[in-house]
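>>> structure of the sequence below:
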Amino acid sequence: QVQLVESGGGLVQPGGSLRLSCAASGFTLDYYAMSWFRQAPGKERERVSCISGDSSIIYYANSVKGRFTISRDNRKNTVYLQMNSLKPEDTAVYYCATTLTRTCGGDMDYWGKGTLVTVSL
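Prediction:
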């Protein structure tokens, strides 16, 4: 059974940093693309970042480029999202997701339950 469990969210001041983790189970992370999405109150869900199965292709939304970094540790079956220079507009519930394919395209088939990130004074 595929499961994705996010952690690492919380309250942080503007300019601060957080590292989100997504622990995967029920499949081996090595071969598959993994994505991070976010959804802010009253807004549509947007894809923040994606890393392809072989890590050769990495995508970032323009809104986070240069501030966020996606990475994976296949030994731990975990994907990370390092978020620096956080802004109030980064406030959202962050989800990890996968299509269980090697590429970043397509609709996500599996989602975690999300972790809340709040950027505020």
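
>>> which residues does Thr28 contact?
By Cβ atoms under 8 Å, 6 or more residues apart in numbering, the contact set of Thr28 is 74, 77. Using the backbone N, CA and C atoms, a C-beta is placed for each residue, glycine as well.

>>> pLDDT at it, what is it?
As predicted, Thr28 sits at a pLDDT of 90.

>>> swap in Gly105?
Value listed for Gly105 in the pLDDT field: 83.

>>> any idea how far Cys96 is from it?
As judged by Cβ to Cβ, to the nearest Å, Gly105 and Cys96 stand 17 Å apart.

>>> same deal with Ser55?
Using Cβ to Cβ, Ser55 is found at 15 Å from Cys96.

>>> quick one: strands adjacent to the helix or strand encompassing Tyr95?
Using DSSP states H and E, the element containing Tyr95 is strand 92-98. Taking DSSP bridges as the criterion, strand 92-98 forms sheet pairs with strand 34-39 (antiparallel), strand 110-111 (antiparallel), strand 115-119 (antiparallel).

>>> burial count for Ala23?
Neighbour count for Ala23, taken as other Cβ atoms under 10 Å: 16.

>>> who's in contact with it?
With contact set as Cβ under 8 Å, 6+ apart, Ala23 has these partners: 4-5, 7, 76-78.
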